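Participant: the sequence and its predicted three-dimensional model are supplied below.
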Amino acid sequence: MRVVFMGTPDFAVGTLRALISSRHEVAAVFTQPDKPKGRGKAMQLTPVKEEAAAAGIPVFQPVRVREEGVIAQIRALAPDVIVVVAFGQIIPQAVLDIPEYGCVNVHASLLPKYRGAAPIQWAVIDGEEFSGVTTMRMDAGLDTGDMLLAEKVALAPDETGGSLFEKLSEVGARLLLKTLDALEEGSVKPQAQPAESPTAYAAMLKKTDGEIDWSKSAVTIERMVRGLNPWPSAYTHLNGKTLKIWRAELCKEAGDGASAEGDGKRNTAEGAEKETFAVSSAAPGTVVKATKTGLCVQTGEGVLSMKEVQLEGKKRMDIAAFLRGFSVEEGVRLGN
């Protein structure tokens with residue numbers, strides 16, 4: 001097939017790479033415009049642009065793909081199929097109608113669950129046991145087109161947003177090639193999605209979404225820590241400074257053989273030795289125990305042990321190294 005590829009971030013690179021290595025012809029790549037980054041504001045190429053340029057593939061970076069000139073440009077490329085992976089712009093109907101085999105999207109969830117921009121992180125935050133990738137023939141809606149193929153992926157007990165990202169990126173690349181073969185053979189039967197999704201819309205995340213609300217349960221916060229790792233990361237405040245939480249575990253009540261279950265579907269890594277704590281009436285966000293192996297914080301339900309942190313202006317470090325250089329007394333309250 002003659003393919004036009006549309007994508008922007010790292011997640012899309014694996015699929016583009018698979019297409020380049022396949023029997024298909026990648027005629028052109030469309031990606032978002034480059035953006036200034038860092039203190040020097042140097043222009044940062046998108047990951048997809050870097051991959052395409054290295055392979056000698058023409059790259060286009062329209063500000064708006066719906067403009068008439070851009071649509072005419074795509075039509076002139078005469079693609080058999082347009083592959084879309086986290087492009088970052090809504091594809092207009094005029095573009096959807098161009099290729100014979102339509103526009104095929106690689107979406108990082110088991111549709112119709114987790115329609116939206118951040119399905120990977122929300123699957124971890126919500127404590128899902130499984131996620132996956134779905135290929136879909138796009139329509140004018142937001143992730144509502146007919147489903148083509150899907151592949152299920154189990155989440156590890158200690159799954160993070162970053163680790164699931166890597167898994168699904170690899171699965172998506174393989175699944176896209178299978179989908180293109182099936183479309184050519186006529187062996188795939190598009191399946192309409194139900195009007196309603198069984199999960200909330202997976203809205204795009206902002207940095208402010210990482211601020212920890214200690215009134216929530218320990219289970220909920222632990223999942224949040226994993227889901228937002230590496231970006232935007234979960235954080236709180238200690239003595240007026242931002243404290244990022246990179247890894248945390250549930251504590252168990254002293255004398256209780258089982259870890260706190262809270263309100264979630266999944267907890268932290270199974271079989272690990274957990275901190276213990278005495279039942280406390282401390283306010284949420286209060287440090288109830290500080291040891292070289294953990295900093296235990298009271299939540300709205302249960303206690304959470306912070307295992308890896310990063311104080312504003314400092315390096316990321318395990319809790320033992322952090323406490324050697326920064327004293328935190330029991331009774332200190334975290335948060336604003």
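Facilitator: Arrived safely.

Participant: now do the buried residues in the biggest helix by length in the chain.
Facilitator: Selection of the longest helix in the chain by residue count, based on DSSP state H, yields helix 161-185. The neighbour-count criterion (16 or more other CB atoms under 10 Å) identifies 161-165, 167-169, 171-173, 175-177, 179-180, 183 as the buried residues of helix 161-185. Bear in mind the C-beta positions are built from the backbone N, C-alpha and C, glycine included.

Participant: quick one: Val59 from Ile71, how far?
Facilitator: 18 Å (CB to CB, to the nearest Å).

Participant: let me see the mean pLDDT of stretch 159-174.
Facilitator: Averaging pLDDT along stretch 159-174 gives 98.

Participant: distance from it to the middle of the chain?
Facilitator: Offset of stretch 159-174 from its chain centre (CA atoms, centre = their mean, to the nearest Å): 9 Å.

Participant: also stretch 69-80?
Facilitator: Offset of stretch 69-80 from its chain centre (CA atoms, centre = their mean): 31 Å.

Participant: what does stretch 67-79 give?
Facilitator: 31 Å.

Participant: please apply the same query to stretch 101-121.
Facilitator: In terms of CA atoms, centre = their mean, the gap separating the centre of stretch 101-121 from the centre of its chain is 12 Å.

Participant: extract the C-alpha trace of it and format it as CSV.
Facilitator: Output in CSV follows, covering the C-alpha atoms of stretch 101-121 (Å, rounded to 0.1, in the frame of the first residue of the first chain):
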residue,chain,number,x,y,z
TYR,A,101,-8.9,2.1,2.6
GLY,A,102,-9.7,5.1,4.8
CYS,A,103,-7.8,6.6,7.7
VAL,A,104,-6.6,3.9,10.2
ASN,A,105,-5.9,5.0,13.7
VAL,A,106,-3.8,3.1,16.2
HIS,A,107,-5.4,3.9,19.6
ALA,A,108,-3.8,2.8,22.9
SER,A,109,-6.8,1.3,24.6
LEU,A,110,-9.3,-1.5,24.2
LEU,A,111,-12.0,0.6,22.5
PRO,A,112,-14.6,1.7,23.3
LYS,A,113,-12.9,2.1,26.7
TYR,A,114,-10.7,5.2,27.2
ARG,A,115,-11.5,7.3,24.2
GLY,A,116,-9.4,10.4,24.4
ALA,A,117,-5.9,11.7,24.6
ALA,A,118,-4.4,10.0,27.6
PRO,A,119,-5.7,6.4,27.6
ILE,A,120,-2.4,4.9,28.9
GLN,A,121,-2.1,6.9,32.0
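
Participant: need the contact list for Val287.
Facilitator: For Val287, the contacting residues are Leu295, Cys296, Val297, Gln298, Val328, Glu329, Glu330, Gly331, Val332, Arg333, Leu334, by CB atoms under 8 Å, 6 or more residues apart in numbering.

Participant: buried ones among those residues?
Facilitator: Using 16+ other CB under 10 Å as the burial test, those include Leu295, Cys296, Val297, Gln298, Val328, Val332, Arg333, Leu334 as buried.

Participant: let's see the pLDDT reported for the last one.
Facilitator: What it means is Leu334. 97.

Participant: thought it was touching Leu243?
Facilitator: Yes - at 7.2 Å, Leu334 counts as touching Leu243 under the criterion of CB atoms under 8 Å.

Participant: any shared contact partners between these two?
Facilitator: Shared contacts of Leu334 and Leu243 (CB under 8 Å, 6+ apart): Thr236, His237.

Participant: got the CA coordinates for stretch 139-154 in CSV?
Facilitator: Taking C-alpha atoms only, stretch 139-154 is exported to CSV below (Å, rounded to 0.1, in the frame of the first residue of the first chain):
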residue,chain,number,x,y,z
ASP,A,139,-14.8,8.9,11.4
ALA,A,140,-15.6,12.5,12.3
GLY,A,141,-16.0,11.6,16.0
LEU,A,142,-13.4,11.4,18.8
ASP,A,143,-12.2,7.8,18.7
THR,A,144,-15.7,6.6,17.7
GLY,A,145,-14.9,4.9,14.4
ASP,A,146,-15.4,1.3,13.5
MET,A,147,-13.0,-1.1,15.3
LEU,A,148,-10.8,-3.3,13.1
LEU,A,149,-8.4,-5.3,15.2
ALA,A,150,-7.4,-5.3,18.9
GLU,A,151,-4.8,-6.9,21.1
LYS,A,152,-5.1,-7.2,24.9
VAL,A,153,-2.2,-6.5,27.3
ALA,A,154,-2.1,-7.3,31.0
